[in-house]
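Undergrad: quick one, fold the following:
(one chain, ligands or ions: 2)
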Amino acid sequence: MMIIMKSTATADEVQAVIARIESCGARAHPSRGEEVTVIGAVGDREHVARLGLEGAPGVEQVVPILKPYKLASSQNREPTIVDIDGRRIGAEHFSLIAGPCTVESRDQVLTTARAVRDAGASLFRGGAYKPRSSPYSFQGLGQEGLRLLAEAREETGLPIVTELMDARDLEAVVEVADVIQVGARNMQNYSLLAEIGRSGIPALVKRGLSSTLEELLMAAEYILKEGNPNVLLCERGIRTFETAYRFTLDLTAVPVLKELSHLPVIVDPSHAAGRRDLVTPLSLAAAAAGADGIIVEVHPAPEEAICDGPQALYADTFGEYVARVEQAAAVAGKVLSSAPA
Ligand code: PEP
Ligand code: MN
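TA: Numbers count the residues shown, from 1 in each chain. Ligands and ions are numbered 1, 2, ... in the order given. The predicted structure follows:
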């Protein structure tokens with residue numbers, strides 16, 4: 001159920017509705033927009049219906065939500081703007097999240113962080129815990145990688161996006177992460193999603209390799225349900241019969257997710273393509289299609305990268321890429337949001 005409050009509703013009236021929702025064991029998720037406050041009631045539909053909130057003071061309308069993802073649904077919601085330390089993502093704000101696939105060394109991390117910041121990226125990415133297809137491949141620097149990310153943040157001021165693979169590492173990762181990445185392979189790790197929801201740290205949830213958009217939105221729902229409203233959806237390519245490139249970037253997902261959900265949509269062209277030469281065209285298409293941001297891999301020396309080198313953009317020419325993506329985002333009516341003053 002969604003309870004839409006009148007534009008004249010007072011804070012006390014909103015509070016009273018929340019209290020009544022909670023009195024029947026349901027959870028209330030208020031979302032305070034510029035004009036109106038909308039309260040999502042998640043719990044037993046019958047119990048909430050019996051409260052008879054239609055006539056309550058300050059209530060405009062009570063509407064059932066038909067989608068299984070009640071909190072992620074766009075129904076009666078304005079687009080969400082996720083604010084990461086002053087960097088806004090969503091609505092007219094377009095964001096670039098850039099950095100290496102994985103943290104390899106102090107020099108590599110700091111060189112890349114400075115380069116992407118100077119070029120206009122607003123967040124820095126880098127994995128300390130890596131989900132690798134082979135257990136024999138490099139698995140990430142772990143704690144040492146987190147320490148280097150903290151140093152990059154300190155030095156450049158860029159907020160950090162880094163992956164959490166195992167809930168046992170949550171405490172260490174939240175020390176450093178401004179946004180926790182949920183990798184494609186963990187999109188349906190429901191206990192991990194719920195933990196991230198409880199942590200309250202903004203999350204970037206990548207679409208599973210073979211997941212539908214509804215499954216992605218249900219993954220987001222696990223985080224939202226715990227009271228964490230800051231979720232970014234990420235299209236990163238899906239498995240199809242095509243073998244000419246690594247995955248098929250499903251750009252149709254961008255307008256469709258934005259129709260189904262109020263959450264910002266980020267596109268990852270790097271993992272979809274698996275090849276550097278495809279990253280720019282896919283980025284331009286994603287930005288022009290209305291994505292709220294792009295997460296892209298950048299490395300100072302891709303030929304020496306421990307993982308995903310063939311798809312990494314060169315750090316020293318990243319500024320040219322940013323200028324082109326900025327133009328494509330403008331086509332969709334969006335402005336590149338860089339670091340706050
Ligand atoms: C990554 O971002 O480095 C990564 C491994 O992504 P994905 O989970 O989409 O494969
Ligand atoms: Mn990678």
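Undergrad: and the contacts of the helix-or-strand element of the chain with minimal mean pLDDT?
TA: Sorted by mean pLDDT, DSSP states H and E, the helices and strands of the chain end with helix 45-50, the least confident at a mean of 84. If you take CB atoms under 8 Å, 6 or more residues apart in numbering as the criterion, helix 45-50 is touched by 1, 21, 24-26, 41, 64. Backbone N, C-alpha and C define where each C-beta goes, glycine included.
Undergrad: just the ones of these in helices?
TA: Counted as lying in helices by DSSP state H, out of the contacts of helix 45-50, are Ile21.
Undergrad: now, of the contacts of helix 45-50, which are buried?
TA: 1, 21, 26, 41 (16 or more other CB atoms under 10 Å).
Undergrad: got a list of what the nearest residue to the first one once chain neighbours are set aside touches?
TA: In space, not counting the residues next to it along the chain, Met1 is nearest to Ala41; the distance is 4.4 Å by CB to CB, 6 or more residues apart in numbering. With CB under 8 Å, 6+ apart as the criterion, the residues that contact Ala41 are 1-3, 21, 26-29, 48.
Undergrad: between those residues, which is closest to Val59?
TA: Ile3 (6.0 Å; CB to CB).
Undergrad: how much space between the closest one and Ala115?
TA: For Ile3, the distance to Ala115 equals 48 Å [CB to CB, to the nearest Å].
Undergrad: higher neighbour count, these two?
TA: Each of Ile3 and Ala115 has its neighbours counted (other CB atoms under 10 Å); Ile3 has more, 28 against 22.
Undergrad: so Ser95 touches Ala291, yeah?
TA: No: at 9.6 Å, Ser95 does not count as touching Ala291 under the criterion of CB atoms under 8 Å.
Undergrad: mind listing the shared neighbours of the two?
TA: Common neighbours of Ser95 and Ala291 (CB under 8 Å, 6+ apart) are Ile266.
Undergrad: any idea of the pLDDT on the residue sitting nearest the centre point of the chain?
TA: Here the mean C-alpha position of the chain is nearest to the C-alpha of Leu232 (CA atoms, centre = their mean), at a distance of 2.1 Å. Here the pLDDT value assigned to Leu232 is 98.
Undergrad: tell me who's in contact with it.
TA: 82, 89, 179, 202-205, 263-266, 292-293.
Undergrad: ok, of those residues, which come out buried?
TA: Among the contacts of Leu232, those classed as buried by 16+ other CB under 10 Å are 82, 89, 179, 202-205, 263-266, 292-293.
Undergrad: how far does the least confident helix or strand of the chain sit from the chain's center?
TA: Centroid separation for helix 45-50 versus its chain: 32 Å, with CA atoms, centre = their mean, to the nearest Å.
Undergrad: what of stretch 197-206?
TA: Worked out by CA atoms, centre = their mean, stretch 197-206 lies 8 Å from the chain centre.
Undergrad: isn't Arg324 right next to Pro281, touching?
TA: No: judged on CB under 8 Å, Arg324 makes no contact with Pro281 at a distance of 9.9 Å.
Undergrad: what's the burial count for the residue in the stretch 151-300 of the chain that ligand 1 sits nearest to?
TA: Distances between the stretch 151-300 of the chain and ligand 1 by CB to the nearest ligand atom are smallest at Gly183, namely 3.2 Å. For Gly183, the tally of surrounding residues (other CB under 10 Å) stands at 22.
Undergrad: ok, it touching Val161?
TA: No: at 11.7 Å, Gly183 does not count as touching Val161 under the criterion of CB under 8 Å.
Undergrad: thinking again about what came up before, nearest to Arg246, of the contacts of Leu232?
TA: Nearest to Arg246 among the contacts of Leu232, with distances taken as CB to CB, is Ile266, at 18.1 Å.
Undergrad: what sits opposite that closest one in the beta ladder?
TA: Cys234, Gly293 (DSSP bridges).
Undergrad: against Arg125, how distant is it?
TA: 11 Å.
Undergrad: what's the overlap in contacts for those two?
TA: 97, 295.
Undergrad: more neighbours: which of Ser95 and Ala291?
TA: Neighbours per residue (other CB under 10 Å) separate Ser95 from Ala291, with Ala291 holding more: 31 against 27.
Undergrad: perfect, that will be all.
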